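Asker: Here you go, sequence then predicted model.
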Amino acid sequence: MQISMAKHINKLTVFEHQPVRQGSGEHQLSAAELQALQLHHGEKGVPYFSLIHRGVKFNQYVGVLQVGKRLIEVLPKADKDDGEERWRKRLIDMLRATSTLQVENTSSSQLKIKPNSVLDLYFELLIAEMEQLLHRGLVKQYRQTTGNRTALKGSLQFAQHLNHNLVHRERFYVRHTTYDRRHLLHQILYEALLLLQRLNTHPQLHHRIGRLLLDWPEQDRLRVYPTLFERLSFNRKTAPYRSAIQIAKMLLLNYHPDVSRGQEDVLALMFDMNQLWERFVYASLRRYAPKDMTVHAQNTKPFWTPDQGQRRTMRPDILLKSAGQTIVLDTKWKRPNGYGPSPDDLRQLYVYLKYYGAEKAALVYPGGNKTVNGRFAPLPGVGLESWGAGSLLFLPVEENVRRWQQIITNHIEEWADFT
C-alpha cells in the first residue's frame, strides 16, 4: 500500500463572529476556497457561518473548517486580547472537560503530540483508539459470502452456478458463512483512517497513520452514510470499539468531498459555543460542588399545552438545590452590551423563578466583571420577597482548566449562599 506524506497546509485563525473575505494573502480566502464554502453552505445553509459579500462571517460556533489546503480555525471570542494560543488551549480543555470529544477509553496520558488545532486532537484520539484495538486484538465476526469455490461449502446457489460454471464442473457457486476480521466495524475505521491519511498535516501523526494502514486487515471499500451507523450494535466483545467508532462517525459524516474537482474538499468540526459553555459550567459544578448541593442539567417542565398540536416545555440550563432551596442558572456565552442584558433574557429568568419555585436566578457569563444583583418587580398582590432575585454572574476565565473549574464553582457557591 502506498503511503503519502503529510501535505503542507495554510492555517488561518479567526475568532467567532469574525468575517473572512476573498483576496490575496494568508489571512484571506482564495476564489476556489470561497466557492467551496459557498457550495458547502448551499441553499439551506449551515449554522456555523453565513455568507456575506465576497466572503463568509462566522457565527457562535468554534472549531475547524478544512477547505482544500486551507485550515480555518475558529476560536472563542471572550477576552480576545488574551491571544490565539491561550484560547486554543482553553477550547481543547473545555472539549475534554465536557466529554465533547466522545472518548471513553483514551486518557490524556496516551496522547503524544501537542495539537496545533482541534482537528489534530481528534486525529490523534482516533489513532490512539485504533492502536489500542490492535494491541488488544481485533475481533472476528460472522459474515455471509458468495462466490466460486473448489469445494461445496454452505448452500449451492443453483442459478448463479449454472451461469458461471457451465464448463467448470470442478467449481461451485455457493453462499456460506465466514468468520474473520472483514466486517462493518473494521470497514468504518478503515475508511476513517484513509480520511486521516488524506487530510493529516501533522508530521508525527503521519508515521502512526502509516503503521496503522500496514497493520490493519484488508477491507472492502465502504460508502459511508448516516443510517449506516444505525445498523451497529455493541456487545461485550465489541464494546472497546465504541469510542473509535464515535470519532470516526464524526469525522466521516462531517467530511464533504468536492466531487467535481477533488481539490477543495471540506471537513467541518464545529461546536456551538453556547452549548459548550453550558456543559463546561455544569461539568465544573458536578466535579467540585459540595456534597450537599445537587446539580441538575436541563430539568424540563411543561409550560404550555394546546388543545391540538405540540406542547411547549420550560428547560433551564442548570438547577441547583441545597438546604431546601432552589437556584436557576441560565448560561450565556455572549457578553452583555453596555445597556445590560436583553429584556428577553430577563423575562426568561422571571419565568424560571415562578415555575421552579426558585429563590434566585442568574444569567451566567464568562469574564471578570463584578456580579450585578437585582430584584424583579412583584405582581399585584404578591409580596416582593416571594419573587426572589435575578443576577448577572460573571465567571473569570483562567489559564489552568482545573483552577478555572474550581473558581467557577467557588463563585457560584458564594453567590448562591445556601443557608
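Answerer: Received it, and whenever you're ready, just let me know what you need.

Asker: Which strand or helix spans Leu329?
Answerer: Using DSSP states H and E, Leu329 maps to strand 325-331.

Asker: Could you spell out the sheet neighbours of that strand, each with its direction?
Answerer: Sheet pairing for strand 325-331, assigned by DSSP bridges, gives strand 318-322 (antiparallel), strand 360-366 (parallel).

Asker: Off-centre distance for that strand?
Answerer: What separates the centre of strand 325-331 from the centre of its chain is 26 Å, taken as C-alpha atoms, centre = their mean, to the nearest Å.

Asker: returning to that earlier point: I'd like the strands paired with strand 325-331 as CSV, with distance to Lys301 appended.
Answerer: For every residue, glycine as well, the C-beta is placed using N, CA and C. Written out in CSV, the entries for those read as follows (distance: least, C-beta to C-beta, whole Å):
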stretch, distance to Lys301
strand 318-322, 10
strand 360-366, 14
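
Asker: ok, and which of these has the densest surroundings?
Answerer: Mean neighbour count (mean count of other C-beta atoms under 10 Å) peaks for strand 360-366 among those, with a mean of 23.

Asker: what's in contact with that one?
Answerer: Contacts to strand 360-366, defined as C-beta atoms under 8 Å, 6 or more residues apart in numbering, come from residues 78-79, 277, 281, 317-318, 327-336, 341, 345-346, 349, 352-353, 388-395, 397, 412, 415-416.

Asker: What about these, which are in strands?
Answerer: Judged by DSSP state E, strands contain the following of the contacts of strand 360-366: 318, 327-331, 389-395.

Asker: list the contacts for the closest residue to Thr305 other than its chain neighbours?
Answerer: Nearest residue to Thr305, sequence neighbours excluded (C-beta to C-beta, 6 or more residues apart in numbering): Arg311, at 4.3 Å. Residues touching Arg311, when contacts are defined by C-beta under 8 Å, 6+ apart, comprise 302-305.

Asker: Can you tell me which of those residues is closest to Ala358?
Answerer: Relative to Ala358, the closest of the contacts of Arg311 is Phe303; by C-beta to C-beta it sits at 15.3 Å.

Asker: Grab the nearest non-local neighbour of that closest one.
Answerer: Closest residue in space to Phe303, ignoring its immediate chain neighbours: Met314 at 4.1 Å, by C-beta to C-beta, 6+ apart.

Asker: Test my guess that that neighbour contacts Asn299.
Answerer: No. Under the contact definition of C-beta atoms under 8 Å, Met314 does not touch Asn299, with a separation of 9.1 Å.

Asker: joint contacts of the two?
Answerer: Taking C-beta under 8 Å, 6+ apart as the contact definition, Met314 and Asn299 share no neighbouring residue.

Asker: partners of Asp180 in the sheet?
Answerer: In this structure, Asp180 bridges to Gln141 when assessed by DSSP bridges.

Asker: burial count for Arg375?
Answerer: Other residues lying near Arg375 total 12 when counted by other C-beta atoms under 10 Å.

Asker: Could you find the closest non-adjacent residue to it?
Answerer: Spatial nearest neighbour of Arg375, excluding adjacent residues (C-beta to C-beta, 6+ apart): Ala389 at 5.3 Å.

Asker: what's near enough to touch that neighbour?
Answerer: By C-beta under 8 Å, 6+ apart, the residues touching Ala389 are 359-361, 373-376.

Asker: what are the bridge partners for it, then?
Answerer: Lys360, Arg375.

Asker: and the residue nearest to Gln348 when sequence neighbours are not counted, bridged to which residues?
Answerer: For Gln348, the nearest residue in space outside its immediate sequence neighbours is Asp330; the separation is 6.3 Å by C-beta to C-beta, 6+ apart. Note on Asp330: beta-bridge partners Leu363, judged by DSSP bridges.

Asker: looking at it, Asp330 is touching Met314, isn't it?
Answerer: No. Asp330 sits out of contact with Met314 when judged by C-beta under 8 Å, with a separation of 11.3 Å.

Asker: more crowded one of these two?
Answerer: More neighbours sit around Asp330 than around the other of Asp330 and Met314, counting by other C-beta under 10 Å; the figures are 19 against 16.

Asker: if I look at the more buried one, how far off is Gly309?
Answerer: Between Asp330 and Gly309 the computed distance is 27 Å (C-beta to C-beta, to the nearest Å).

Asker: Ok, Asp93 next?
Answerer: 43 Å.

Asker: Same drill for these two, tell me which one is more crowded.
Answerer: Neighbour comparison, Asp93 and Gly309: the larger count goes to Asp93, with 17 against 7 (by other C-beta under 10 Å).

Asker: Enumerate every residue touching the more buried one.
Answerer: Neighbouring residues of Asp93 by C-beta under 8 Å, 6+ apart: 401, 404.

Asker: which residue packs closest to Thr313, ignoring adjacent ones?
Answerer: Going by C-beta to C-beta, 6+ apart, Thr313 has Thr300 as its nearest residue, at 5.0 Å.

Asker: Wait, that neighbour touches Arg315, no?
Answerer: Yes. Between Thr300 and Arg315 a contact is recorded at 4.6 Å, counting by C-beta under 8 Å.

Asker: quick one, strands of the stretch 51-200 of the chain?
Answerer: If you assign secondary structure with DSSP state E, counting those that start in this stretch, the strands in the stretch 51-200 of the chain sit at 55-58, 61-67, 70-75, 141-149, 155-156, 172-180.

Asker: Would you convert those strands into JSON lines that also reports mean neighbour count, distance to Gln22 and mean pLDDT?
Answerer: Below are the strands of the stretch 51-200 of the chain laid out as JSON lines (neighbours: other C-beta atoms under 10 Å; distance: least, C-beta to C-beta, whole Å; pLDDT from 0 to 100):
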{"stretch": "strand 55-58", "mean neighbour count": "20", "distance to Gln22": "6", "mean pLDDT": "95"}
{"stretch": "strand 61-67", "mean neighbour count": "24", "distance to Gln22": "12", "mean pLDDT": "89"}
{"stretch": "strand 70-75", "mean neighbour count": "23", "distance to Gln22": "12", "mean pLDDT": "90"}
{"stretch": "strand 141-149", "mean neighbour count": "13", "distance to Gln22": "49", "mean pLDDT": "75"}
{"stretch": "strand 155-156", "mean neighbour count": "12", "distance to Gln22": "61", "mean pLDDT": "70"}
{"stretch": "strand 172-180", "mean neighbour count": "15", "distance to Gln22": "51", "mean pLDDT": "75"}
